[in-house]
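Student: Quick one, fold the following:
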Amino acid sequence: MSKKKEFTDDPSGYAKRWTAEFAAARNKPYKKWKEEAKKVVHRFLDDKRGEQETVGELQSKLNLFHSNVIILQSMLYGRLPKVEVDRTFADAEDDVARVAGVMLGRMLNQDIQDAGEDYSTVLRSSLQDRLLPGMGSARIKYDFRSEQQAIDPILHPETGEEMAPGFDDEQITEEWVDTVYTHWQDQLWSPARTYSELRWKAYRSFMNNDELTKRFGEEVAEDLPKKPAAAAGKREGENADEVDIDPQSEVWEIWDKRSRCVYWFVEGYDKTLDKQEDPLELEGFWPDPPPMIANLTTTRYMPRSDYAIAQDLYCEIDKLQTRISILTDACKSIGFYDKQNAGIKRAMEEGVENDLIPVDNWAMYAEKGGAKGIVDWVPLENVANTISTLTEQQNLKIQQLYQVTGMADVMRGSSQPYEAAATSKIKQESASVRVQALQDDFARFATDLQKLKVEVIQNFFQPYCIIQQSNIEMTADGQDPMLVQKAVELIKDKKRAQWKITVRPESLALIDYARLKGDRMEYINALAMFMQSSAPLVQLDKKIVPILLELLKWGLAGFKGSNEIEGVLDKAISLFQKQADQPDTKSDPAQQKMQMEMQKMQGEMQMAREEHQADMMQTQQKGQLALQEMQQKFQLEMAKMGQEMKQDQQLFQLELKKMMMELFFKKQELQADQQAQAQEQATQFAFNTAEKTHEANLRLQSEKQGDGGGNGASAQ
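Tutor: Numbers count the residues shown, from 1 in each chain. Alright, predicted model coming up:
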């Protein structure tokens, strides 16, 4: 293996280094995971052509793995996330940080809504990779559009003399941060034990000749090796039978953390394509958050799919299903018949009704006992008993599989219609611990993606782009240009920006959406109580209103999602403060108007509280009904499947017993007929023998009499 000092500091040396690094990274554990991951995907899709079985040829499968993954994916991700940008310290007077958080939150949420389908696909694909191969990841990319603008020269106001010449300047008109899904086969990393020990990461992309020319130049694009089957989805020999008319090159984008540089490299090319120093200037350097990895240990940073942990049980269930299927096919009416009687075969194959089939040599056919004497049926009692035993064993293996995979936790957490709400909630929270851990990891992944977006906004976005994309000017806070300017300055100052970015797990999962309004309901109740308690103080002295509003603002700062409402309170405090400074006269129209506005506000708040309570009750009821319906549907489906299997087995056993009884009676009748025929044949044979003996005796006597007469005549 080459040593580091042998790699020169030029494109050719970089290419040699990354060739050696890639060879070391594609070690035995990495190759084993890649091969195992492909089998898992084929197993999920039930692709028998691509799946290499390790337990022999399986004629029939029970693909429980597919159903388990679909259930988990539906539970973990139900809708697009809602980003919450909060201050680290909920200081009521820190309006600059509050407005900065509002601006970032509006930008991030609007970006998700604008590209909703794409962002949803990224999250869903990453989650599916976590549940199948065992590693799901995505990364961010910064991009912008710019235009050339002519700057006029600066002229002296009096003489008109040119003080500074004009020039053309490139002005950024639009900026954005894309979230890009990374396929699990398009990643490579340095060998390490933990994530913190990674030295470099590499991301593969497929670029055609036009894309290569635009990015690296025409000369480089023509020299790069290209593969006809290098399009998306055709990775490492897959779908090799398909023809791609647009050849592409596999370009690796390598992020080296130690040098904080990014290299572009194509395997088989003698030099690197490009090199840039820390293009995103992120604190953690990596353009992606720590991926969602299954079954990770500190021995080696390498994923292991959940299927691999339970693959023995999956294979055993498939083996049992194959045997049950084979024996079920063997449970058919099969017998043996006399080859000389072709009419029996015709009666069984043609299934004739109200028809008579001619029989040659009826006497011989009757002597053999008819149809009962020339047909013998195969016994099926042992086959039916074996199928019943295999079905019971398969059900036991399925229960063991649910315990290993955690699906039993989901089934135990399902509520019953007659259970109390508190009991159902405790049951769900205690029974789905493993599912909750996976849900938290998914929320952490989505949160880290948004944090990286915030860093890019801080590093590269122009102030006017931040104001424009946040649309802060349409809010109450946006009416204060100085406050908005200070908020933008805080956003651009990474050292002073100490807010935190959170994506709560319940904003991703569909089954927990009823909890999203819990904080707002709590605040509405507290606000109503506060206004009712403060009404007597306001009637005594109107000057106390600003103080009460300050207290209200202080209490509001502790609630999530209250940043925009605080701006409304700031305007109210300023208005009441100005009015409090004016002389207090009972006949002052302003005072009367303020009192009416206060009363109107109290009435509106009371109505809003009642409407919100009704809405919350309706939403909670809908959420509980939806959850119960989903759980009941799952239980009914499982019970229905079990009942159908049980009914089919009982019907089969009944039919089998009926068939065996008919065969038994037919056999008894056949034996009785055979005995009667044998006795009748013996009697007939004895009668025939006696008759023939009597005829023979008469013939002998006649011959003797004839011989005696002849001798007498001769003597005379």
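Student: Mind pulling the model confidence for Gln321?
Tutor: With respect to pLDDT, Gln321 has a value of 88.
Student: List the residues that contact it.
Tutor: Leu58, Ser60, Lys61, Leu62, Gln394 (Cβ atoms under 8 Å, 6 or more residues apart in numbering). Where you see a C-beta, it was placed from the backbone N, CA and C, and this is true even at glycine.
Student: give me the low-pLDDT residue ranges for the stretch 401-550 of the chain?
Tutor: 409-432, 498-523, 527, 537-550 (pLDDT under 70).
Student: all strands for it, in order.
Tutor: Using DSSP state E, counting those that start in this stretch, the strands of the stretch 401-550 of the chain run over residues 500-502.
Student: hmm, back to that, list just the nearest of the contacts of Gln321 to Gln621.
Tutor: Nearest to Gln621 among the contacts of Gln321, counting by Cβ to Cβ, is Leu62 at 37.5 Å.
Student: did I read that right, the closest one in a helix?
Tutor: No: using DSSP: H, G, I helix; E, B strand; the rest coil, the assignment for Leu62 is coil, not a helix.
Student: circling back to that earlier point, quick check: of the contacts of Gln321, which lies closest to Glu218?
Tutor: For the contacts of Gln321, the closest approach to Glu218 (Cβ to Cβ) belongs to Lys61, at 51.9 Å.
Student: buried subset of the contacts of Gln321?
Tutor: Lys61, Leu62, Gln394 (16 or more other Cβ atoms under 10 Å).
Student: I'd like those residues as JSON lines, with pLDDT and distance to Ala676 appended.
Tutor: Formatted as JSON lines, the buried ones among the contacts of Gln321 follow (pLDDT from 0 to 100; distance: Cβ to Cβ, whole Å):
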{"residue": "Lys61", "pLDDT": "79", "distance to Ala676": "54"}
{"residue": "Leu62", "pLDDT": "83", "distance to Ala676": "53"}
{"residue": "Gln394", "pLDDT": "88", "distance to Ala676": "49"}
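Student: Kindly reformat those residues as JSON lines containing distance to Asp312.
Tutor: Output for the buried ones among the contacts of Gln321, formatted as JSON lines (distance: Cβ to Cβ, whole Å):
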{"residue": "Lys61", "distance to Asp312": "15"}
{"residue": "Leu62", "distance to Asp312": "15"}
{"residue": "Gln394", "distance to Asp312": "14"}
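Student: quick one: low-confidence parts of the stretch 251-400 of the chain?
Tutor: Along the stretch 251-400 of the chain, segments meeting pLDDT under 70 span 333-378.
Student: mind listing the strands in it by residue range?
Tutor: 261-265, 274-277, 292-293, 335-337, 375-377.
Student: Any chance you could list what contacts the longest one?
Tutor: The list of residues contacting strand 261-265 from outside it, by Cβ under 8 Å, 6+ apart, reads 14-15, 18, 216, 251-256, 272-279.
Student: Can you go through those residues and name the buried ones?
Tutor: Buried residues within the contacts of strand 261-265, counting neighbours by 16+ other Cβ under 10 Å: 14-15, 18, 216, 251-256, 272-273, 275.
Student: would you say Gln185 is within a helix?
Tutor: Yes: counting by three-state DSSP, Gln185 falls inside a helix.
Student: I'd say it and Lys34 touch.
Tutor: Yes: between Gln185 and Lys34 there is a contact at 7.1 Å, judged by Cβ atoms under 8 Å.
Student: how many neighbours does the residue lying closest to Asp143 once chain neighbours are set aside have?
Tutor: In this structure, Asp143 finds its nearest non-sequential neighbour in Trp176, 6.1 Å apart by Cβ to Cβ, 6 or more residues apart in numbering. For Trp176, the neighbour count with other Cβ atoms under 10 Å is 19.
Student: Ok, Ala192 next?
Tutor: 14.
Student: Three-state assignment for it, please.
Tutor: Following three-state DSSP, Ala192 is assigned to coil.
Student: OK, contacts around the closest residue to Ser305 other than its chain neighbours?
Tutor: Setting aside the residues directly before and after it, Ser305 is nearest to Gly134 in space (Cβ to Cβ, 6+ apart), at 3.9 Å. Gly134 makes contacts with Trp33, Ala37, Val40, Ile293, Ala294, Asn295, Pro303, Arg304, Ser305, Asp306, Ala308, as judged by Cβ under 8 Å, 6+ apart.
Student: Surely the first one is in contact with Arg304?
Tutor: Yes: with contact defined as Cβ under 8 Å, Trp33 counts as touching Arg304 (7.2 Å).
Student: can you count the residues close to the spatially closest residue to Arg496 that is not a sequence neighbour?
Tutor: Counting by Cβ to Cβ, 6+ apart, Arg496 lies nearest to Leu490, which is 5.9 Å off, once chain neighbours are set aside. Neighbour count of Leu490, defined by other Cβ under 10 Å: 21.
Student: what do you get for the one 3 residues further on?
Tutor: Taking other Cβ under 10 Å as the criterion, the count of residues near Asp493 is 11.
Student: Also Val40?
Tutor: Using other Cβ under 10 Å: Val40 sits among 22 other residues.
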